[in-house]
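**Q** how would this look folded up:
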Amino acid sequence: MSAGAQEPGAGPAACLWLDEHHRLVSFDLPWHGKSPPPEGAIPGSWRLNTDLYVALIMGFVAAAGLEKPVALGASMSGEICLELAYRHPEAFAGIIACEACDKINQRQTMWAAHPHVNQAQFVPEWIRALGAPQSPAPGRPLTGRLGPVALLVTC
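**A** Alright, predicted model coming up:
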């Protein structure tokens with residue numbers, strides 16, 4: 001595929017070809033983006049922790065047949081990239097952990113979990129607002145489409 005082309009019918013996963021030999025693959029976590037909840041999950045019961053986050057990414061890498069991708073993440077997903085490097089260094093050709101550190105105290109904003117706050121609307125807008133207003137327009141739409149960790153794959 002040509003650079004900039006997206007594979008059709010990707011569903012909750014997205015694939016953006018960077019050039020004829022490299023593609024950027026991303027996916028939604030369960031109950032995020034366009035992904036359904038885990039089977040049998042009760043609304044409000046889904047909780048993501050580090051172990052589950054790493055297991056989901058490794059499961060996606062295996063299911064998609066990705067061989068030694070480069071994991072790329074920023075902020076929370078950058079921290080998960082550090083975990084991937086620590087737990088599964090042999091599975092990746094490289095790790096790019098942007099804005100990441102091994103520990104952050106008081107990361108969660110408790111008022112965002114208040115029952116009167118619609119997190120499905122609030123959180124994406126909050127994340128979008130973190131981008132600089134002078135960011136180039138072509139890059140802004142990607143913030144909603146790239147999942148928690150993007151995987152650069154050499155084809």
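
**Q** Excluding its own residues, what touches the longest helix belonging to the chain? List them.
**A** When the chain is scanned for its longest helix (criterion: DSSP state H), the result is helix 50-63. The contact list for helix 50-63, computed with CB atoms under 8 Å, 6 or more residues apart in numbering, reads 13, 27, 29-30, 66, 69, 71, 80, 83-84, 87-88, 91, 148-149, 151. Every residue, glycine included, has its C-beta placed from N, CA and C.

**Q** from those, which two are the most distant?
**A** 13 and 87 (22.2 Å; CB to CB).

**Q** show me where the protein has helices.
**A** Residue ranges of the helices in the chain, as given by DSSP H, are 50-63, 76-87, 119-129, 142-145.

**Q** elements contacting the second one?
**A** Think helix 76-87. helix 50-63, strand 70-74, strand 94-98 (3 or more CB pairs under 8 Å, 6 or more residues apart in numbering; DSSP states H and E).

**Q** Packed most tightly, which of those would that be?
**A** strand 70-74 (a mean of 22; mean count of other CB atoms under 10 Å).

**Q** Contacts made by that strand with the rest, please.
**A** Applying CB under 8 Å, 6+ apart, the set of residues contacting strand 70-74 is 24, 57, 79-81, 84-85, 92-100, 148-153.

**Q** State the distance from residue 30 to residue 100.
**A** According to CB to CB, to the nearest Å, residue 30 and residue 100 sit 23 Å apart.

**Q** With that, I have no additional questions.
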